[in-house]
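Engineer: My questions concern the predicted model and sequence given below.
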Amino acid sequence: MGYRIRRWIADHWVLAVAALVLGYLLLPVVVVAGLSFNRPSSRLTYDFHEFTLDNWRNPCAAPGMCEAVWRSVQIGFLTTVISTVLGTLLAFALVRHGFRGRTAVNLLVLAPMATPEVVLGTSLLALLVAARVPLGFWTVVIAHVMFCISFVVMTVRARLSGMDPRLEEAALDLYASEWQAFLRVTLPLALPGIVAAALLAFSLSFDDFVVTNFTSGTTVTFPMYVWGANQRGIPPQVNVIGTAMFVVSLLLMLGTALRRRRPGRRAGRAGGPRPVRLRAAAPAPAPVSRSGRGHHGG
Amino acid sequence: MTGARRRLLPYLLVLPGGLWLVVFFLLPAVQLGATSLYDPAGSLTDGYEMTWAFGNYPDAVRTYWVHFVRSFWYAGLATALALVLGYPLAYVIALRAGRWQNLLLVCVVAPMFTSFLVRTLAWKAILADTGPVVGLLREVHLLAPDGRLLASPVAVVTSITYNYLPFMVLPIYASLQRLDRRLLEAARDLNARPVQVFRTVTFPLSMPGVVAGTLLTIIPAAGDYISAELLGTPREYMIGNVIDAAFLVRLDYPQGAALSVVLLLVILALTIGYLRRVGVEEVG
């Protein structure tokens, strides 16, 4: 009995600590959402003063903010397209092919993730200045693609290495050409990983401050806007964007999770050329594969 | 596909992404090293001269060693806190959560869904002088009646710990989740007490996650300067603040570059030393 009681206490002690830690993780999210409904008494205070829907009705009332958000969306979109394509090609090469220099390529892909952002930003700034490249929109895209590639490779690679190579062999045995087997079997199977990688790349780009700070010149992205606004007092509309980002990301994550769970129904509704593909080795959510598997599976 | 094309294929796949990383990651790193050896007498407008001024390094470190020490002190503290807080959470998610596992994992990554800067500013609201946390701490006399949390190391470390906690939880979760539960049962069957099970079976088997989590936390934490800038004062400034100011405010590129290189080398040395000590096989 003593053992049982002790074990019960031990179990519930751990649960209580975990609940507190979870509260710590979620507290700022709740505060941001709450402050998005706040009418502050002055620009420099953070107290909850008065409930209002104004910030949500008119988020662009904060001068310059919506332009900054739009610029971040554009940069995020370009970064996502370029880094997803380049990273996916790299991941295919690393998983599917043995070639000379594979270890070096592996190292080159891992290195940016193990480098502090300040160092990434300052070294790129040093190069751009030395090469007399004017800083702005495109240098930010270049910088974002650079640090997103690694995360794309990790995410797509986790998906590819969980795939059964016999499926592709089966297609080849059934007289599919290599190109057909790739398009009809391999690519659809890899697609959830590629989509997860693209979403990750977008959120990394949209949210990046440090590297952007060194490479943007006078171009203002959303994080740069928040940084600048902090000196003058943060407009409450910033919290609207923060909350909206949270809601959109959450919905996207839940959406992909649901798709994964109910393959039959979705595939039936979508019709068209997309084959049923979702049953093979469901991957962990993207962030898990990024920090977990990436560093173990190597 | 012909044999030659097949042999070329991996190189064609690697080429665009690899080239991007060489030109925009490797080359800049080399340029950073070169910039750190420029003649400090030059300026951004007049241009710098390469004089192999190795003296930039001792000069920079002598002036800013306090910031280096503070960075690694805060980062180390945040990593230790993240381990203490993150391990129980990862443990519960991996071994106790049952069908709530996925929901809890979403909660762990949820903070990353909002903007990094916006959630750091949320801590400014939470720890504000007129806020509930400070009020409570003053009430129970843990804080002097005029004591503050903002503009103190407490606020900065709280925020750094918060920002990188998911990077600690996820790898630990991943290794606990892979653990063979029959080993735990066996230990219990052999009359091991819960503490013993944890100390002799669970924790050693989760070491790969702990090692990966520690590195994933301390590396970005040591370079972080947003928390110190937004929640602290110059008394809490870390090496990142100094590097930022050197490049963007003082426009002293050689010094900023030297500090960046030193930061990178220290982190590299710590990582290698740490992996040597715990054994590389733990991450492999």
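Structural biologist: Cool, the structure landed.
Engineer: For the stretch 151-298 of chain A, which segments count as helices?
Structural biologist: A:165-173, A:178-181, A:187-207, A:210-215, A:222-232, A:237-261, A:263-270, A:286-288, A:294-297 (DSSP state H, counting those that start in this stretch).
Engineer: Can you tell me which of the ones you listed is most buried?
Structural biologist: Comparing the helices of the stretch 151-298 of chain A by mean neighbour count (mean count of other Cβ atoms under 10 Å in any protein chain shown), helix A:210-215 comes out on top with a mean of 25. (Glycine included, C-beta is placed from N, CA and C.)
Engineer: Establish whether it and chain B are in contact.
Structural biologist: Yes - for helix A:210-215, a contact with chain B is found by Cβ under 8 Å from any Cβ of the partner chain, at A:210, A:213-214.
Engineer: Tell me the helices and strands packed up against that helix.
Structural biologist: helix A:117-130, helix A:137-161, helix A:222-232, helix B:239-248 (3 or more Cβ pairs under 8 Å, 6 or more residues apart in numbering or on different chains; DSSP states H and E).
Engineer: now it, how far from the centre of its chain.
Structural biologist: Chain-centre distance of helix A:210-215: 18 Å, with Cα atoms, centre = their mean, to the nearest Å.
Engineer: Now that helix - C-alpha only, PDB.
Structural biologist: C-alpha atoms of helix A:210-215 as PDB (Å, rounded to 0.1, in the frame of the first residue of the first chain):
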ATOM      1  CA  VAL A 210      17.900  39.100 -35.900                       C
ATOM      2  CA  VAL A 211      19.100  38.200 -39.400                       C
ATOM      3  CA  THR A 212      16.600  40.600 -40.900                       C
ATOM      4  CA  ASN A 213      17.900  43.400 -38.700                       C
ATOM      5  CA  PHE A 214      21.400  43.100 -40.200                       C
ATOM      6  CA  THR A 215      20.400  42.600 -43.900                       C
END
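Engineer: Closest residue of the stretch 151-284 of chain B to chain A?
Structural biologist: Closest residue of the stretch 151-284 of chain B to chain A, Cβ to the nearest Cβ: B:Gly223 (2.8 Å).
Engineer: how many neighbours does that residue have?
Structural biologist: Neighbour count of B:Gly223, defined by other Cβ atoms under 10 Å in any protein chain shown: 25.
Engineer: was I right about it contacting B:Asp244?
Structural biologist: No - using Cβ atoms under 8 Å, B:Gly223 is not in contact with B:Asp244; the gap is 10.6 Å.
Engineer: which bits of the stretch 51-200 of chain A sit near chain B?
Structural biologist: Contact residues, the stretch 51-200 of chain A versus chain B (Cβ under 8 Å from any Cβ): A:85-87, A:89-90, A:92-93, A:96-99, A:101, A:105, A:108-109, A:111-112, A:114-120, A:122-127, A:129-130, A:142-143, A:145-146, A:149, A:153, A:178.
Engineer: what about burial for those residues, which qualify?
Structural biologist: The neighbour count (16 or more other Cβ atoms under 10 Å in any protein chain shown) marks A:85-87, A:89-90, A:92-93, A:96, A:105, A:108-109, A:112, A:114-120, A:122-127, A:129-130, A:142-143, A:145-146, A:149, A:153 as buried among these.
Engineer: hmm, back to that, so who does the residue of the stretch 151-284 of chain B closest to chain A touch?
Structural biologist: Neighbour list for B:Gly223: A:116-119, A:210, B:71, B:239-240, B:263, B:267 [criterion: Cβ atoms under 8 Å, 6 or more residues apart in numbering or on different chains].
Engineer: can you do 10 Å?
Structural biologist: Taking Cβ atoms under 10 Å, 6 or more residues apart in numbering or on different chains, we find B:Gly223 in contact with A:115-121, A:210, B:71, B:75, B:238-240, B:243, B:260, B:263-264, B:267.
Engineer: Please apply the same query to B:Ala128.
Structural biologist: Contacts of B:Ala128 by Cβ under 10 Å, 6+ apart are A:45-47, B:134-135, B:148-150.
Engineer: can we see that at 8 Å?
Structural biologist: By Cβ under 8 Å, 6+ apart, the residues touching B:Ala128 are A:45-47, B:134, B:150.
Engineer: Just want the residue of chain A that's nearest chain B.
Structural biologist: When Cβ to the nearest Cβ is the measure, chain A has its nearest residue to chain B at A:Pro116, with 2.8 Å between them.
Engineer: Isn't that residue up against B:Val266?
Structural biologist: No - between A:Pro116 and B:Val266 there is no contact under Cβ under 8 Å: 10.2 Å.
Engineer: Mutual contacts of those two, please.
Structural biologist: B:Ala222.
Engineer: secondary structure element for the closest residue to A:Met253 other than its chain neighbours?
Structural biologist: Nearest non-adjacent residue to A:Met253, counting by Cβ to Cβ, 6 or more residues apart in numbering or on different chains: B:Val106, 6.3 Å away. If you go by DSSP states H and E, B:Val106 is part of helix B:101-109.
Engineer: Find the residues that touch each one of B:Gly223 and B:Asp244.
Structural biologist: Here B:Gly223 and B:Asp244 share the contacting residues A:Val118, scored by Cβ under 8 Å, 6+ apart.
Engineer: need the residues of helix A:210-215 next to chain B in JSON lines with distance to A:Gln237 and pLDDT, can you?
Structural biologist: Output for the residues of helix A:210-215 next to chain B, formatted as JSON lines (distance: Cβ to Cβ, whole Å; pLDDT from 0 to 100):
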{"residue": "A:Val210", "distance to A:Gln237": "23", "pLDDT": "95"}
{"residue": "A:Asn213", "distance to A:Gln237": "22", "pLDDT": "96"}
{"residue": "A:Phe214", "distance to A:Gln237": "26", "pLDDT": "97"}
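Engineer: on that earlier part again, per-residue pLDDT of the residue of chain A closest to chain B, please?
Structural biologist: We note a pLDDT of 93 for A:Pro116 in this prediction.
Engineer: Check B:Val195 too.
Structural biologist: What the model reports as pLDDT for B:Val195 is 84.
Engineer: Could you do the one 3 residues further on as well?
Structural biologist: Model confidence at B:Phe198, given as pLDDT, is 89.
Engineer: Can you list the low-confidence ranges for the chain?
Structural biologist: Going with chain A. By pLDDT under 70, the weakly predicted segments of chain A are A:1, A:7, A:10-11, A:43-45, A:260-298.
Engineer: Hmm, no, I was thinking of chain B.
Structural biologist: Within chain B, the ranges that satisfy pLDDT under 70 run B:1-2, B:279-284.
Engineer: show me where it has helices.
Structural biologist: All helices of chain B, identified by DSSP state H, fall at B:3-21, B:27-35, B:56-95, B:101-109, B:116-126, B:132-139, B:153-178, B:181-189, B:194-197, B:203-205, B:207-223, B:226-231, B:239-248, B:253-278.
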